[in-house]
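A.B. asks: missing the sequence, but the structure's below:
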């Protein structure tokens, strides 16, 4: 079974608008971490935001926030006020027992 | 602070040839990972080291892939002989923490094309 599922292969958003990228995960481990990474066309993966399984509040980092719904096993990334530089691939990842598993990513295109 | 260094950035080889990729993690990061990323897919873990010991190599095709991390610092990933389906980007990453909070720091990747 897929541990990380990203159902949106591609998304478009107008500049300055908000966008939500979906991620669902599967684990029976009570202790895990959820991450989002950005991969621009240059290829380097960049860490964006982290949510721990025991965290009570949703994580936020600048324009990025993580909508964590533990019972639904979802960890959606919300990008507010999109910028042209946000165009990239976005990967959701889960870390359990020291091992990280990635989804297949969502390509985000920001339109001017 | 220097990031994760990888070389070469690009490599083109014929099938059945061999290739090696090198990675130097961020100083002090005990955990080092090699991922394979095929075009249009997410990274897939090949091997994970903790210091100079292997933690997980369950998805490493051991008949053709090998990796080592002598002295617990830099690492080399080798493919011999290469197949067409090995065309991918090979990403090296390191992390400071072993637990759930350990975000990964990636290098720029080594893009392999097998003809």
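C.D. replies: Sure thing, it's come through. Values in this document were obtained by computation on a predicted structure and should not be read as measured data.
A.B. asks: the helices in chain B, which residues?
C.D. replies: Assigned helices in chain B: none (criterion: DSSP state H).
A.B. asks: and it, which residues reach chain A?
C.D. replies: By the criterion of Cβ under 8 Å from any Cβ of the partner chain, the positions of chain B lying close to chain A are B:31, B:33, B:35, B:40-45, B:48, B:50, B:55-56, B:89, B:91, B:93, B:98-109, B:111. The C-beta positions use only the backbone N, C-alpha and C, and glycine is treated the same way.
A.B. asks: quick check on these: which are buried?
C.D. replies: The neighbour-count test (16 or more other Cβ atoms under 10 Å in any protein chain shown) marks B:31, B:33, B:35, B:42-43, B:45, B:48, B:55-56, B:89, B:91, B:93, B:100, B:102-109, B:111 as buried among those.
A.B. asks: quick one: contacts for the most centrally placed residue in chain B?
C.D. replies: By Cα atoms, centre = their mean, chain B has its centre lying nearest to residue B:34, at 2.7 Å. Contact analysis of residue B:34 by Cβ atoms under 8 Å, 6 or more residues apart in numbering or on different chains lists B:23, B:45-48, B:67, B:75, B:77, B:90-92.
A.B. asks: possible to save the residues you listed as a markdown table with distance to residue B:10?
C.D. replies: Listed next are the contacts of residue B:34 as a markdown table, based on distance: Cβ to Cβ, whole Å:
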| residue | distance to residue B:10 |
| --- | --- |
| B:23 | 15 |
| B:45 | 22 |
| B:46 | 19 |
| B:47 | 22 |
| B:48 | 25 |
| B:67 | 20 |
| B:75 | 19 |
| B:77 | 15 |
| B:90 | 11 |
| B:91 | 14 |
| B:92 | 15 |
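A.B. asks: of the residues you listed, buried ones?
C.D. replies: Buried members of the contacts of residue B:34, counted by 16+ other Cβ under 10 Å: B:23, B:45-48, B:67, B:75, B:77, B:90-92.
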